[in-house]
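S.K.: Here's my sequence, what's the structure:
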Amino acid sequence: MNKKLFGLVTLAIFAFALTSVVAQAAGPVQWFSDGKLIPAGVVVPVATSGKLTITLRAPTGAPIGSITCKIKDKDKIQNGPNGGMDEMTMFTFSGCKAKPSPCPRGTKAEIVALSLPWRSHLTAGPPIRDELVVALEIRCSRQPFTVLEGTLAPEVGKSTLVFGAGSGTLGGTGGFSAEFKGIDKLKGPMNDKTITAG
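M.R.: A predicted model of the protein is given here:
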């Protein structure tokens, strides 16, 4: 083997080994409160609130309406051997406004959370995301329109879950689908100011 080829092979092996060591050193992504790692097994209650816009698409892929709602939820976050976990025990939508509305004229668009609690786990980035299994029902004046199910992965920021590009799409009954955009702000216990992941 000539010196040039030997050097390239050696460099490739070194780069692979270095990458493996960094990945092992990093370990699983975990939750932090006020910059301190939450001890394994300790459950931290978190309340969140924000605004979320759901854009519905027809089976053809064409947008048929957007619904913007205020959201509130209650979470229980903790760290385990495989990284940070989250359990949403409550998720409510209120003050929903549709423009344009996917619902028939004279009816009001509503969103209801199904199959609670929703569970999630942190995934490595960049960016770090909270991969969440979701089930929702869109209703028109309490009459079922479509059920949306699947996995969303909002980006974890500084006390925020940011929904947008890269967060995923939910599939719905009747061939509908939905995309999500907005920010869910996290608030920890009274003495904790910031919830982050890393």
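
S.K.: quick one: buried residues of whichever strand in the chain runs longest?
M.R.: As assigned by DSSP state E, the longest strand anywhere in the chain is strand 63-80. Buried positions in strand 63-80, judged by neighbour count with 16 or more other Cβ atoms under 10 Å: 65-69, 71, 73-75, 77-79. All C-beta atoms are positioned from the backbone trio N, CA, C, and that covers glycine.

S.K.: so what secondary structure elements neighbour that strand?
M.R.: strand 31-33, strand 44-57, strand 83-98, strand 109-113, strand 177-187 (3 or more Cβ pairs under 8 Å, 6 or more residues apart in numbering; DSSP states H and E).

S.K.: Quick check: which of those strands is nearest to residue 130?
M.R.: For the helices and strands packed on strand 63-80, proximity to residue 130 was assessed by Cβ to Cβ; strand 83-98 is nearest, at 6.0 Å.

S.K.: Buried residues of the closest one, list them for me.
M.R.: 83-86, 88, 91, 93, 96, 98.

S.K.: now those in TSV, with distance to residue 122 and pLDDT?
M.R.: Shown next, in TSV, are the buried residues of strand 83-98 (distance: Cβ to Cβ, whole Å; pLDDT from 0 to 100):
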residue	distance to residue 122	pLDDT
83	5	97
84	4	98
85	8	98
86	8	97
88	14	96
91	18	97
93	24	98
96	29	97
98	32	97
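
S.K.: mind putting those in JSON lines, distance to residue 49 included?
M.R.: Formatted as JSON lines, those follow (distance: Cβ to Cβ, whole Å):
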{"residue": "83", "distance to residue 49": "25"}
{"residue": "84", "distance to residue 49": "21"}
{"residue": "85", "distance to residue 49": "21"}
{"residue": "86", "distance to residue 49": "16"}
{"residue": "88", "distance to residue 49": "13"}
{"residue": "91", "distance to residue 49": "11"}
{"residue": "93", "distance to residue 49": "12"}
{"residue": "96", "distance to residue 49": "15"}
{"residue": "98", "distance to residue 49": "20"}
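
S.K.: of all the residues you listed, which comes closest to residue 135?
M.R.: So of those, ranked by how close each gets to residue 135 (Cβ to Cβ), first place is residue 91, at 10.1 Å.

S.K.: For residue 151, see how far away that closest one is.
M.R.: 15 Å (Cβ to Cβ, to the nearest Å).

S.K.: Throw the buried residues of strand 63-80 into TSV and include pLDDT and distance to residue 165, thanks.
M.R.: TSV is the format used below for these (pLDDT from 0 to 100; distance: Cβ to Cβ, whole Å):
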residue	pLDDT	distance to residue 165
65	96	20
66	97	16
67	98	19
68	98	18
69	98	20
71	98	19
73	95	22
74	96	27
75	95	23
77	97	24
78	97	29
79	98	28
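
S.K.: Tell me the spacing between residue 139 and residue 73.
M.R.: From residue 139 over to residue 73 (counting by Cβ to Cβ), the distance is 19 Å.
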